[in-house]
Each structure stands twice: as structure tokens, then as C-alpha cells.
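> following is a predicted model, sequence given first.
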Amino acid sequence: MDLSDPDAIRRGVREAKPDLIVNAAAYTAVDRAESEPELALAINGAAPGILAEEAKRAGAALIHYSTDYVFDGSKGAPYTEDDDPRPINTYGRTKLAGERAIQAVDVPHLILRTSWVYGARGKNFMLTILRLAKEREELAIVEDQIGAPTWSRAIAAATGSILEHLGYGQAAFGDACAAKRGIYNLTAAGQTSWHGFAAAILANAASAQARESAFALARVPVLKPISTEQYPLPARRPRNSLLSSAKLQRVFGLVMPDWKSSLADCMSSE
Ligand SMILES: NC(=O)c1ccc[n+]([C@@H]2O[C@H](COP(=O)([O-])OP(=O)(O)OC[C@H]3O[C@@H](n4cnc5c(N)ncnc54)[C@H](OP(=O)(O)O)[C@@H]3O)[C@@H](O)[C@H]2O)c1
């Protein structure tokens, strides 16, 4: 369904008659959002609220993904779910609007905030670095923004574990989900910069293990660390994107894998 069309969402959910909605779709073009704020707000801000209303109507639960970009990045430690969001770009503001639209509806829901998502398919930082590595001798990568690169498959696995914990498929699922409703940070353990992430991607691509894989590189470019100011973009980014996953561990007993081991697994998986 087209999430920018409220009627299409209502129609789609009513036809599907779900017992669970997992919304991984979003307007994710962070820079383009600065010049398309209405469309970004429709997809990221309004659609989650409509999904929540329709979930309530269907007696379903809603799982929705949100982002580290709801924060301004000025905190000197990982953000917790209790920290006040203060987005500094349009994408972050629209994602925060989506969280609030869901919270305004009395429906069992989990809002899972993740960060720096990559995977073997689609468009993401890992695939961009691997593509640029084949085209250029040198790559200049920002070193003064820190975060936790999180493999899409680790997010999917964690979501599956949460559903299992809540007894998805059993009669008590709705009540269990309602009891645990709220925001949860869900990111890989550890931290790095974009430059550190790029270095690890290239190291994996050059390693013997990767030689067999689709991500192997015969030659790696020189990596040059640069500052945020040296790489101006339309949308501002938070300097600190770290989210504490302590609540996820406390409530669901889930420990997320370290970003480096996940990256190695991802790059040897294809
Ligand atoms: N990527 C990150 O670093 C990151 C970080 C933190 C949080 N998140 C959150 O994680 C979730 C998944 O992000 P992602 O990186 O996987 O995004 P993505 O690769 O850009 O995928 C977004 C998906 O949303 C779909 N979509 C976009 N506009 C739509 C519309 N109007 N109607 C229906 N579907 C639409 C896209 O469909 P098409 O392919 O057909 O366009 C695409 O399948 C999002 O909630 C995002 O905010 C991502």
C-alpha cells in the first residue's frame, strides 16, 4: 500500500485483517527530506498513526521502527528511552511525529529505535562504500559522528525474539504486548565512527574469508578521516547517535550482537 495515502492504508489493513502489523517502511532519504517535508511527514509522521488506529480497530498489535535521528546528538553518553528527543533535521522531526502519533492511540505497540542500518540488499552505507571502493583510489569519510552500525538481519532476529517473548500466536499475546508497550532502543553493541565503519567494511572485503563472497575486493582504497564540516550535506546529523539497549535487555532479556561481529557475519553471508 502507498503510505502517503491514508485511504489506501485503511483499505489495505481492513482487507488484510492482521493480528500484527510490522511497519519497516519509511521515507528514509534524510537529505531529500529537507526539500520534501510534506511527503516525509505524510509517510513518517501521519501513516504510523493511521496504522495504529487501524491496528486498534482490527484488535492487532503494531511494531514500528524509529531512529537515533530523533536526538540532537549533544549528549555525552548513549541515549536512553527516557531522554527528551530534539531532532535537528526534517527526517528526525517526521520520525518523532510518527512515534507520537502511535503513542496517541490506545493500542498495543512497540516502537523500536535503531541506528546506522545496513544489509546485503537495498541502499545503505556498507553497499555504498563497497561500490565507491571499486571506483576510487581514496575515500574521505566523516570521523566525528559516532554510532552503532546495525545489521538489518539482527533487527529482524531481535524482533522475532521479542515476539516469541510476548507469546505471539497465543491468546495472551495482545495483553502481553499491551503490558510491555513503549519505546525500546535496538542497536548493535559497541560503537564506532563512519570512518571506523568504513575501515571495517574494507577490512572484511579484503580478508581471506570475504574473498569467496559477493563483497570481496581485490584492492582497497586509502581511507581519509574528515570532519562533518568538510562534508556539508542538506540535513544536519547528530554527532552522537549511540542508543543504550539496556531496557531491551532488562525487559526482553535480549543482548544485541557487537557491530563488528555482525558486520563480519553479514559480509560472509552472501
Ligand atoms: N537506514 C538507517 O540507517 C536507519 C536508521 C535508523 C532507523 N531506521 C528506520 O528503520 C526503518 C527501515 O529503514 P531502511 O533503512 O530499511 O529503509 P529503506 O531501505 O529506505 O526502506 C524503506 C522502505 O519503505 C518503503 N516506502 C517508502 N515510501 C513508501 C510509501 N509511500 N508507501 C509504502 N512504502 C514506502 C520503500 O519502498 P520502495 O523500496 O518501494 O521505495 C522501502 O521498501 C525505517 O523506519 C527507518 O526510519 C533506519
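In hand now; what should we look at?
> use CA for all of it now, contacts and neighbours both
Will do.
> what residues does this protein have near the ligand?
With Cα under 6 Å from any ligand atom as the criterion, the chain meets the ligand at residues 1-4, 24-28, 43, 65-68, 114-117, 122-123.
> give me the subset of those lying in helices.
Among these, no member falls in helices (criterion: DSSP state H).
> out of the helices and strands in the chain, which is least certain?
Ranking every helix and strand in the chain by mean pLDDT, DSSP states H and E puts helix 208-211 at the bottom, with a mean of 66.
> parallel or antiparallel, list what pairs with whatever helix or strand comes next after it.
Sequence-wise, the next helix or strand downstream of helix 208-211 (DSSP states H and E) is strand 222-226. Partner strands and pairing direction for strand 222-226 (DSSP bridges) are strand 138-142 (parallel).
> give me the next element, helix or strand, following the strand it pairs with.
strand 146-147.
> chain center to that next one, what's the gap?
13 Å (Cα atoms, centre = their mean, to the nearest Å).
> and for stretch 204-223?
26 Å.
> go on, stretch 162-171?
Worked out by Cα atoms, centre = their mean, stretch 162-171 lies 22 Å from the chain centre.
> all numbers from here: first residue = 56
All set: I'll call the first residue 56, so the last point we hit is now stretch 217-226.
> contact partners of that stretch?
228, 231-232, 307 (Cα atoms under 8 Å, 6 or more residues apart in numbering).
> can you rerun that using 10 Å?
74-75, 118, 165, 211-216, 227-235, 303, 306-309 (Cα atoms under 10 Å, 6 or more residues apart in numbering).
> list the ones among those residues that fall in strands.
If you go by DSSP state E, those have 75, 118, 165 in strands.
> pLDDT and neighbour count added to these, as a markdown table?
Converted to a markdown table, these look like this (pLDDT from 0 to 100; neighbours: other Cα atoms under 10 Å):
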| residue | pLDDT | neighbour count |
| --- | --- | --- |
| 75 | 97 | 19 |
| 118 | 98 | 23 |
| 165 | 98 | 24 |
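> dump those residues into CSV; add distance to residue 278 as well.
Putting those into CSV (distance: Cα to Cα, whole Å) gives the following:
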residue, distance to residue 278
75, 44
118, 38
165, 39
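> among the residues you listed, which one sits closest to residue 92?
residue 118 (24.0 Å; Cα to Cα).
> tell me the buried residues in stretch 154-171?
154, 156-158, 160, 162-171 (16 or more other Cα atoms under 10 Å).
> over to stretch 267-284?
Buried, per 16+ other Cα under 10 Å, within stretch 267-284: 270-272, 275-276, 278, 280-281, 283.
> which pair of the residues you listed spans the longest distance?
Distance extremes for the buried residues of stretch 267-284: the farthest pair is 271 and 283 at 28.8 Å, using Cα to Cα.
> where does the chain have low pLDDT?
263-266 (pLDDT under 70).
> show me where it has strands.
75-78, 116-122, 164-169, 172-173, 193-197, 201-202, 205-206, 237-240, 247-248, 277-281.
> tabulate the CA atom coordinates of the second one in PDB.
Taking only C-alpha atoms (Å, rounded to 0.1, in the frame of the first residue of the first chain), the coordinates of strand 116-122 have been written out as PDB:
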ATOM      1  CA  ALA A 116      -0.600  -5.000  17.700                       C
ATOM      2  CA  LEU A 117       1.800  -2.600  16.000                       C
ATOM      3  CA  ILE A 118       5.600  -2.900  15.800                       C
ATOM      4  CA  HIS A 119       7.200   0.200  14.300                       C
ATOM      5  CA  TYR A 120      10.800   1.200  13.700                       C
ATOM      6  CA  SER A 121      12.200   4.600  14.600                       C
ATOM      7  CA  THR A 122      15.600   6.200  14.700                       C
END
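> tell me the strands beside that strand, with direction?
When DSSP bridges is applied, strand 116-122 pairs with strand 75-78 (parallel), strand 164-169 (parallel).
> tell me which of those strands approaches residue 102 most closely.
strand 75-78 (9.8 Å).
> in that closest one, what counts as buried?
Buried-residue list, strand 75-78, by 16+ other Cα under 10 Å: 75-76.
> lovely, talk soon.
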